[in-house]
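1. attaching a predicted model along with its sequence, questions to come.
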Amino acid sequence: MIKRMGIMLVAVGVVFGGIFAFQTFKASMIKHAVAALAAPPQTVATTTAGYQEWQPQLESVGSLRAVNGANLSLEVAGIVDELDFKSGDDVKEGTPLLRLQAKDDIAKLQSLQATAALAKITYDRDLRQSKAQAVSQQTVDTDQQTLKSDVAQVAQQQALVDYKSLVAPFAGRLGIRQVDLGQYLAAGTTVVTLQALDPIYLDFYLPQQALGEVKVGQPVTAKVDTYPSQSFSGEISAVNPQVDTTTRNVQIRATLKNRDHMLLPGMFATLDIAVGAPQRQVTLPQTAITFTSYGNTVYIVEDKGKKADGQPDLVGRQTFVTTGATRGDQVAVLSGVKEGDVVVTAGQIKLHNGSPLAIDDSVKPTDDADPHPVDHL
């Protein structure tokens, strides 16, 4: 009986041992199967967050206008007799540009000049004779008034002759000629535009809240889309003493250097005004940040050590950030990221919190505070 009990206990032990061994083997196989089903590492590009010096700026847009600019015309009508300029000429102040036919006016002027000269001779002669009591003082007075009248008529006729001549009222560059030789011009017809190009004004508006940050003499930097890679420096030259009651904006004028005449009146320009002292900001490429209605997030790369195969065990940790100003491709991060953090800049759309990562920085998104268009053709 005892022998049978012993055999039974051994048999039960063998059965339970087999069951335990099977469950252990089963758990091991399940573990290996689950490990085989784990998500593969996601390839991403990264950057290391760091500080940059950012100069606080006010931004605005405006229009360029000449310091002196006018569409030149004549006050009187007539036929074009002389053209002394070409389209696009640079001229000095007082340069003759155009003359209308004025032969009759010039002839009348010469006649009046002769009459005035005779009146001057008569006056001088009678003045000498009056000293010898040869003529009366009344005669001398009459001669003097006659001379003044004749001189005034000469000045009047000279003005009429001058009205038929067009001269440059200031130095600048001429535009396209609008008239031809022999053409009849009505009074007020535009002959050509004249623009003084160096320096040149930039007129723009700022909200009234910014008035405390701007003053005359403050430096500005302007850009135009004609020359996207070039900046033009200048300074604020005037602030309008009146705020627009409709928009609550104030008009401001800056004066820009334009020695090469690259800037032309009427151009649209953007400008930056440096205000305050430079500030240190943690910056990231804008592509690193996911902007959503419930908050802005980034993925920070965490190093968990080494995997079984010796490769780095990297995972992505999603975190909320507070963003500030933007400059070109960059954005300032006020909180959520610190200097030295490795942040995912591309590929985060396929990540979730804790995703394994494989880093490939061979191709990175642009990260420039002052980007310029590049033609890859």
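-> That came in fine, so what should we check first? A quick note: this is a predicted structure, and the numbers were derived from the prediction, not measured.
2. low pLDDT regions in the stretch 251-377 of the chain?
-> 310, 367-377 (pLDDT under 70).
3. what do you get if the cut-off is 90, keeping everything else the same?
-> 258-261, 272-295, 301-317, 323-341, 343, 345-377 (pLDDT under 90).
4. for it, just list every one of the strands.
-> Using DSSP state E, counting those that start in this stretch, the strands of the stretch 251-377 of the chain run over 268-274, 279-285, 290-292, 295-306, 312-327, 330-335, 342-346, 357-359.
5. all helices of the chain, in order?
-> Applying DSSP state H to the chain gives helices spanning 2-37, 103-131, 137-163.
6. weakest of the ones you listed by average pLDDT?
-> Note on these: helix 2-37 shows the lowest mean pLDDT, a mean of 66.
7. tell me which of the strands of the stretch 251-377 of the chain lies nearest to K223.
-> With respect to K223, and counting by C-beta to C-beta, the nearest of these is strand 268-274 at 5.3 Å. C-beta here means a position set from N, CA and C on the backbone, and glycine is covered the same way.
8. for the closest one, name the packing helices and strands.
-> For strand 268-274, the contact count by 3 or more C-beta pairs under 8 Å, 6 or more residues apart in numbering; DSSP states H and E identifies strand 57-66, strand 200-207, strand 219-223 as packing neighbours.
9. what average pLDDT does the second one get?
-> Right, the one you point to is strand 200-207. 93.
10. neighbouring strands - and their directions - for it?
-> strand 57-66 (antiparallel), strand 249-256 (antiparallel) (DSSP bridges).
11. can I get the longest one as CSV, trimmed to CA atoms?
-> Listed in CSV are the C-alpha atoms of strand 57-66, where the atom choice follows Å, rounded to 0.1, in the frame of the first residue of the first chain:
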residue,chain,number,x,y,z
GLN,A,57,11.7,94.7,-33.2
LEU,A,58,8.6,96.5,-34.4
GLU,A,59,7.5,95.4,-37.8
SER,A,60,5.5,97.3,-40.3
VAL,A,61,4.9,97.9,-44.1
GLY,A,62,5.0,101.1,-46.0
SER,A,63,5.5,102.8,-49.3
LEU,A,64,8.5,104.6,-50.7
ARG,A,65,8.3,108.2,-51.9
ALA,A,66,10.8,110.6,-53.3
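12. contact partners of stretch 133-141?
-> Y123, D126, L127, Q129, S130 (C-beta atoms under 8 Å, 6 or more residues apart in numbering).
13. go again with 7 Å.
-> Contact with stretch 133-141 is made by D126, L127, Q129, S130, as judged by C-beta atoms under 7 Å, 6 or more residues apart in numbering.
14. try stretch 210-228
-> 58, 202, 206, 231-239, 250, 252, 254, 256, 262-263, 267-275, 372-373.
15. same check on stretch 111-118?
-> L147, D150, V151, Q153, V154, Q157.
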